[in-house]
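Trainee: With the sequence up front, the predicted model follows.
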Amino acid sequence: MRSTIRALTSAVVLAAGTILTAAGPAHADVTICDQFGSTTIQGRYVVQNNRWGSSAAQCINVTSTGFRITTQQGSKPTNGAPLSYPSVFLGCHYTNCSPGSTLPMQVSRIRSAPSSITYRYVGGTFDAAYDIWLDPTPKTNGVNQMEIMIWFNRQGPIQPVGGVTGNTSIGGRSWQVWQGNNGSNNVISYVAPSPITSWSFSVLDFVNDVRARGLITTAWYLTSIQAGFEPWSGGVGLSVDTFSASVSG
């Protein structure tokens, strides 16, 4: 349901005194309200506000291990795209690359890609989305051609891009599989039958499943690994409490 094209404009200042975009490692209680404001944590990951689909106020509080939505004043129809994608990521997103990242890396070179995440849920209409981005080139800017979405949770009458193509088992869990195109890139979504709050898994398991479906090849590049929320309404209190990811070749 999400388009990943963000406006190519400078960040909008919402209110004096409420904006902070840090350049160095973040500590607890760093607040970001800039539309595309970001900071780094643990010297490894980038946390971004990424309010790409709305002019309404949104703020996140960045901790040393993740972030929490503290302000969310927008609302979107549930049959369209969400408001935003506040998230934490490893790799490159619109030229914003995490410190010391090995990404982009060609799929054929990847030997391991472990990750773990802990989500905290509250009310609202949203999905908890873990995004894996791939492209035929080592792209660090703009939209990649393939988006893998893992829906850890969804609340309200929302659904992924495209339609259901079947079910599968990955990482010892069952998933409903959706495939489609949002007008900018192909999307394959793996939807959990019930909310997952915490999980440790291999990103490669999902990449290999997409490859087995003939949608990518080992010549493609993994460009980023991202985890966060797509809210349509509400969502104050949603948080990524912990996140870790690494890719080795």
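Mentor: Perfect, thanks for sending it.
Trainee: what about Ile148, how many neighbours?
Mentor: Neighbour count of Ile148, defined by other CB atoms under 10 Å: 23. C-beta here means a position set from N, CA and C on the backbone, and glycine is covered the same way.
Trainee: Tell me if I am right that it is in a strand.
Mentor: Yes: counting by DSSP: H, G, I helix; E, B strand; the rest coil, Ile148 is part of a strand.
Trainee: Output the below-cut-off pLDDT ranges for this structure.
Mentor: 1-28 (pLDDT under 70).
Trainee: quick one: the helices in it?
Mentor: Taking DSSP state H as the criterion, the chain carries its helices at 203-212.
Trainee: Name the single longest strand found in it.
Mentor: Counting residues, the longest strand found in the chain (DSSP state E) is strand 221-234.
Trainee: Contacts only, for Phe152.
Mentor: Taking CB atoms under 8 Å, 6 or more residues apart in numbering, we find Phe152 in contact with Ile117, Tyr119, Ala128, Ala129, Tyr130, Ala192, Pro195, Ile196, Thr197, Trp199.
Trainee: What subset of the residues you listed is buried?
Mentor: Among the contacts of Phe152, those buried by neighbour count (16 or more other CB atoms under 10 Å) are Ile117, Tyr119, Ala128, Ala129, Tyr130, Ala192, Ile196, Trp199.
Trainee: returning to what we had before: quick check, nearest of the contacts of Phe152 to Val161?
Mentor: Nearest to Val161 out of the contacts of Phe152 is Ala129 (CB to CB; 11.5 Å).
Trainee: ok, back up a step: cross-reference the buried ones among the contacts of Phe152 with the strands and report the matches.
Mentor: Residues of these located in strands (DSSP E): Ile117, Tyr119, Ala128, Ala129, Tyr130, Trp199.
Trainee: nearest to Val187, of those?
Mentor: Nearest to Val187 among those, with distances taken as CB to CB, is Ala129, at 10.8 Å.
Trainee: That closest one and Ala219: what is the separation?
Mentor: 26 Å (CB to CB, to the nearest Å).
Trainee: And for Gly234?
Mentor: From Gly234 across to Ala219, the span is 42 Å (CB to CB).
Trainee: quick one: which of these two has more around it?
Mentor: Gly234 (18 against 10).
Trainee: what's the more buried one in contact with, if anything?
Mentor: Counted by CB under 8 Å, 6+ apart, Gly234 has contacts Gln72, Val122, Gly123, Gly124, Thr125, Phe126.
Trainee: got it, and Pro86?
Mentor: By CB under 8 Å, 6+ apart, the contact set of Pro86 is Gln48, Asn49, Asn50, Arg51, Gln58, Ile60, Phe67, Ile69, Gly228, Phe229.
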